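> Pasting a predicted model and its sequence here:
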Amino acid sequence: MSRPTPPALRAVANSVGVLAFLVAAFPVYWMVNSSFLDRNEIRNPVPTWVPFGGDLDNFRTVFATDQFVNALRVSLMVTGLTIVVALAFAFVAAVAVSRFRFRGRMSFIVTLLVIQMIPVEGLFISQYKMLEAVDLLNTVVGLTLVYVASVLPFTIWTLRGFVAGVPYELEEAAMMDGCSRPQAFFRVTLPLLAPGLVATGVFGFIQAWNEFTLALVVMTREDQRTLPLWLSTFTDVNRGTDWGGIMAGSTLIAVPVIIFFLVVQGRMVSGLTTGAVKG
Amino acid sequence: MRTTPRRSAPPLRSSEERRGDPGKADTARRGRRTPLPYALVLPAALALALALGYPLVRQVVLSFQDFGLAQQFGRPPEWVGLRNYRDLVGDGYLWRVTLRSIAFCLVNAALTMLVGVGLALLMRHMARGVRLLVQTGLLLAWAMPVVASLTVWQWLFDTQYGVINHLLTQLGLDYAGHPWLLRPLSFFFVATVIVVWMSVPFVAFTVYAALTQLPEELLEAAEIDGAGASSRFRHVVLPTIRPVLLVVGLLQVIWDLRVFTQIFLLQEAGGSARDTNLLGTYIYRLGIGGGEFGMSAAVAMFMLALTVVLTAPYVRTMLKQEAET
C-alpha cells in the first residue's frame, strides 16, 4: 500500500470513512448515552445528544429487579458450563484431527463443516421435543447441551489450527530428551496452546452469552430466562416502554462482550481468514 | 451459536498460507494403528450425535406424523405419511414465506457485500487516522450483542421519541410519529438496515485482510506497463480476492436465509407476524407457538433441504482446500 493515492480519491475515501464510522458507531453510542438519561429527557421530542447531567438511576432500577439478577445467574451458569465442556471436548478432538491420520478423519471433518451450516431454526422443534421428553426444558443442563453442540464444530475447527501451529518436532525433541509422549505433550505443546485456548474460550463465551434463539425455545419459564431473553421482554407495550432502563440493561450486557471481543478479534480475524496462527 | 450475527465464520484457508500443517506429524504417526484418536474424538462426536443427530432423526419421524396439541397432551401421534408435506405444498402461505425469505436473503446479502467490499477497497486509500476510525466503528458494531443492538435500533426507530423520526422531520419531511414497523415493506426496510449494519464488519474486515495480500510489485508493474485503474482492478486486484469474495458471499447468503432474532424481536415490537414471517419465525410460531409440531417439523425439513443446496458449494470449496493440505 505504499503507492500514493490521488488526492481526489483520498478525499472521497476519507469522507466515506467518516460517514461509515458515524453509521457504525452511532447506535452503540446512543445506547450508552440513553442509559444515563432520565425519563423526561428520554421523552423529549428533541433528543439529548450528550448525557450532561445524566445519572445512574437507570442502572439502579435494573439492578433492583429480581429478574435481572436471576437472568444474570442463569446466563453465567449456562455460559460457564458451555465453555468448559466445549473447550474440553473440542481440544481433545482437535488434537486427534491435527496430530493423527486415522480412518474416518475426513468424514469427521466433513460432518463438522456441514453441521456448522445447519440453521438452528431447522432443528429447534425436535430439540425442544427431545428436551421436553427427558424433562430438561427450563434447565441449565438442557440449554448447555444444545449450546455445546452448536459451538463445538467452530471450536474444534479453530483449535485444530492452533494445534497444527505447534510444530510436532518440538514434541519429538522433548521425547528425545527423555520425556514420555504424554509428558512431551503436556509440558511442551500445551503451554504453547494456552493463547489459542483462551481465544477460543472467549469466542465461546461471546456466542453463548449473546445467544437468543435456542434460549427462547428451551427456557420458556420466566425464572429461567437468560440475559438476552430478559432484555427482549423488557419492553412493555402497555405501560409505555422504559427506554432508559432498556438501554441500561443493553449496556450492561454489551460492555463485557465488546471488551472481550476487542481483545480477541485481531487473533480471530487472522485465524478466520487463514486457518493458520500468526505471530 | 449458529444464528448469532456475530457470525463465527468457519475459517477460510487461503492456499498459500499453510504454516504448521499436520503433514509431518501425520507421516510420523501414519500406519500406527492405535485407538487413541478415536477415543479423543469420542466426546465431541457423542455430544453432536445426542444434541443434533438424534433430533434430526426425530424430526424426520415427526414430519410424517400428525402431532398437534392433542398429542402434546398425551394422545399417541398418528402416522400420516406425506400428508404434512402435501398440505404445506398446497398451502400458498408457505410459498409466500419461502419467496419472502429468499428475497430478503438476496437483498441483504447483496447490500452487505456491496457496502462491505466497497468499504474494504476504500479503506486502502484512506488517511491512516480515518482508517483507524472506520475500523473502530466497525468493530463496535460487530461486537454488539444481537439482542442489545435490536433494542437500540428499535429505540432509534421509535415512533414517538426515536432519533430517526426526529432527524427526518428536521430535514423537512413528514415523519413525526411515523410508525416504522406497521407496514410489511417498511418493517423489512428496518430489518434490512439492522442486518446489513451488523453484517458489514465481517465482510469489510475479511476482504480488507485479503487485500493486504495484494502483490504490490505486480500492481506497480501493471501501472508502469500503462494499465489504467480499472484494468489493474480487473486483472490484479479481483483475481487475488476472488476466492475470499466467493466464500464470504456464500456465507452471507446462508446466514441471511436464516435470520430469526431480528425478525422475531421486531415482530414482538409491533410488526404483524403473519405478514412478516420468514422461514425461521414461521417454524417457531407454527410449532412452539401453535403446537403444530408435525407441520412445523415438515417446514423445518424443507428449510434444511434449502440450506443443504446452498451450502454444497461452500463445503466443496473448503474440502478442496483441506485436500490440498
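Thanks, I have the structure now. None of the values given here were measured: they were computed from a predicted structure.
> okay, CA-based contacts and neighbour counts for the rest of this
OK.
> Name the nearest residue to B:Trp95, ignoring sequence neighbours.
Excluding its sequence neighbours, the residue lying closest to B:Trp95 (C-alpha to C-alpha, 6 or more residues apart in numbering or on different chains) is B:Val89, at 7.7 Å.
> could you measure that neighbour against chain A, distance?
Computed as C-alpha to the nearest C-alpha, to the nearest Å, the B:Val89 to chain A distance reads 18 Å.
> So which bits of whichever strand or helix holds B:Ser186 are buried?
Secondary structure assigned from DSSP states H and E places B:Ser186 in helix B:184-211. By 16 or more other C-alpha atoms under 10 Å in any protein chain shown, the buried positions in helix B:184-211 come out as B:184, B:187-188, B:190-192, B:194-211.
> Equivalent analysis for stretch A:223-234, please.
A:Gln224, A:Arg225, A:Thr226, A:Leu227, A:Pro228, A:Leu229, A:Trp230, A:Leu231, A:Ser232, A:Phe234.
> Just the CA coordinates for it, please, in CSV.
What follows is stretch A:223-234 as a C-alpha-only set of coordinates in CSV (Å, rounded to 0.1, in the frame of the first residue of the first chain):
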residue,chain,number,x,y,z
ASP,A,223,-37.5,-17.7,36.2
GLN,A,224,-35.1,-19.5,33.9
ARG,A,225,-34.5,-16.6,31.4
THR,A,226,-31.1,-15.8,30.3
LEU,A,227,-30.0,-12.2,29.9
PRO,A,228,-30.9,-11.8,26.2
LEU,A,229,-34.3,-13.2,26.9
TRP,A,230,-34.8,-10.9,29.9
LEU,A,231,-33.8,-7.9,27.7
SER,A,232,-36.2,-8.9,24.9
THR,A,233,-39.1,-8.9,27.3
PHE,A,234,-38.2,-5.7,29.0
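> and the helix or strand containing B:Met301, average pLDDT?
Using DSSP H and E, the element containing B:Met301 is helix B:293-324. Across helix B:293-324, the average pLDDT comes to 85.
> So which elements touch that helix?
helix A:105-117, helix A:124-133, helix B:54-63, strand B:65-66, helix B:83-90, helix B:238-257, helix B:279-284 (3 or more C-alpha pairs under 8 Å, 6 or more residues apart in numbering or on different chains; DSSP states H and E).
> where are the low-confidence patches of the stretch 1-150 of chain B?
The model of the stretch 1-150 of chain B has pLDDT under 70 over residues B:1-33.
> Could you pull out the helices in chain A for me?
A:7-35, A:39-42, A:57-64, A:66-99, A:105-117, A:124-133, A:140-165, A:168-176, A:181-184, A:190-210, A:213-218, A:227-232, A:243-274 (DSSP state H).
> quick one, what contacts residue 80?
Picked chain A for this. Contacts of A:Gly80 were listed using C-alpha atoms under 8 Å, 6 or more residues apart in numbering or on different chains, and they are A:Phe205.
> The chain in question should be chain B.
So B:Val80 contacts B:Phe64, B:Gln65, B:Asp66 (C-alpha under 8 Å, 6+ apart).
> If I follow the layout properly, the last one ends up in contact with B:Gly294?
If I follow you right, that is B:Asp66. Yes. Using C-alpha atoms under 8 Å, B:Asp66 is in contact with B:Gly294, at 5.5 Å.
> Of those two, which one has the most company?
B:Gly294 (30 against 21; other C-alpha atoms under 10 Å in any protein chain shown).
> got the residues of the stretch 101-250 of chain B near chain A?
Residues of the stretch 101-250 of chain B found near chain A (C-alpha under 8 Å from any C-alpha of the partner chain) are B:119, B:122-127, B:130-131, B:133-141, B:143-149, B:151-153, B:155-156, B:160-161, B:163, B:166, B:197, B:205-206, B:209, B:212, B:216.
> Of those residues, grab the buried ones for ChimeraX.
Applying 16+ other C-alpha under 10 Å to those, the buried members can be selected in ChimeraX as follows:
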select /B:119,122,123,124,125,126,127,130,131,133,134,135,136,137,138,139,140,141,143,144,145,146,147,148,149,151,152,153,155,156,160,161,163,166,197,205,206,209
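> Can you lay out the buried residues of stretch A:223-234 as a markdown table showing pLDDT?
Formatted as a markdown table, those follow (pLDDT from 0 to 100):
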| residue | pLDDT |
| --- | --- |
| A:Gln224 | 95 |
| A:Arg225 | 95 |
| A:Thr226 | 96 |
| A:Leu227 | 95 |
| A:Pro228 | 95 |
| A:Leu229 | 95 |
| A:Trp230 | 93 |
| A:Leu231 | 92 |
| A:Ser232 | 89 |
| A:Phe234 | 76 |
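> out of the residues you listed, who's near chain B?
Answer for the buried residues of stretch A:223-234 near chain B (C-alpha under 8 Å from any C-alpha): A:Pro228, A:Leu231, A:Ser232.
> Need the phi and psi values for A:Asp135.
As for A:Asp135, its main-chain torsions (degrees, to the nearest 10) stand at phi 60, psi 40.
> got a pLDDT number for it?
At A:Asp135, pLDDT is 96.
> can you check B:Ile288 too?
pLDDT at B:Ile288 comes out at 91.
> ok so, going back, kindly compare burial across the helices and strands packed on helix B:293-324 and name the winner.
helix B:279-284 (a mean of 26; mean count of other C-alpha atoms under 10 Å in any protein chain shown).
> ok, now how distant is A:Ser75 from A:Phe212?
Using C-alpha to C-alpha, to the nearest Å, we find A:Ser75 at a distance of 11 Å from A:Phe212.
> shared neighbours, B:Asp66 and B:Gly294?
With contacts defined as C-alpha under 8 Å, 6+ apart, the residues shared by B:Asp66 and B:Gly294 are B:Asn84.
> Quick check: chain neighbours aside, which residue is closest to A:Ala208?
In space, A:Ala208 is closest to A:Thr79, 5.4 Å off (C-alpha to C-alpha, 6+ apart).
> Surely that neighbour touches A:Trp209?
Yes. Applying C-alpha under 8 Å as the test, A:Thr79 and A:Trp209 come out as touching, 5.9 Å apart.
> what about B:Leu94, how many residues close to it?
For B:Leu94, using other C-alpha under 10 Å, the count is 18.
> from what I can see it touches B:Leu88, true?
Yes. In terms of C-alpha under 8 Å, B:Leu94 counts as a neighbour of B:Leu88; the distance is 6.4 Å.
> tell me the centre residue of the chain?
Since no chain was named, I'll use chain A. Centroid-nearest residue in chain A: A:Ile206, 1.6 Å away (criterion: C-alpha atoms, centre = their mean).
> that answer is for a different chain, and I need it for chain B
Centre-nearest of chain B using C-alpha atoms, centre = their mean is B:Trp255, 1.5 Å out.
> Sketch out the low-pLDDT regions of the stretch 101-250 of chain A for me.
In the stretch 101-250 of chain A (pLDDT under 70), the answer is A:235-240.
> List the contacts of the residue nearest to A:Val74 when sequence neighbours are not counted.
Residue nearest to A:Val74 in three dimensions, not counting chain neighbours: A:Thr226, with 5.6 Å by C-alpha to C-alpha, 6+ apart. A:Thr226 is in contact with A:Ala71, A:Leu72, A:Val74, A:Ser75, A:Ala215, A:Met219, counting by C-alpha under 8 Å, 6+ apart.
> The second one: what's it in contact with?
With contacts defined as C-alpha under 8 Å, 6+ apart, the neighbours of A:Leu72 are A:Thr226, A:Leu227.
> buried stuff in stretch B:43-56?
Applying 16+ other C-alpha under 10 Å to stretch B:43-56 flags B:Pro43, B:Ala44, B:Ala45, B:Ala47, B:Leu48, B:Leu50, B:Ala51, B:Leu52, B:Gly53, B:Pro55, B:Leu56 as buried.
> These into a markdown table, with extra columns for distance to chain A and secondary structure?
A markdown table is the format used below for the buried residues of stretch B:43-56 (distance: C-alpha to the nearest C-alpha, whole Å; DSSP: H, G, I helix; E, B strand; the rest coil):
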| residue | distance to chain A | secondary structure |
| --- | --- | --- |
| B:Pro43 | 6 | helix |
| B:Ala44 | 5 | helix |
| B:Ala45 | 8 | helix |
| B:Ala47 | 6 | helix |
| B:Leu48 | 5 | helix |
| B:Leu50 | 8 | helix |
| B:Ala51 | 6 | helix |
| B:Leu52 | 7 | helix |
| B:Gly53 | 10 | helix |
| B:Pro55 | 5 | helix |
| B:Leu56 | 7 | helix |
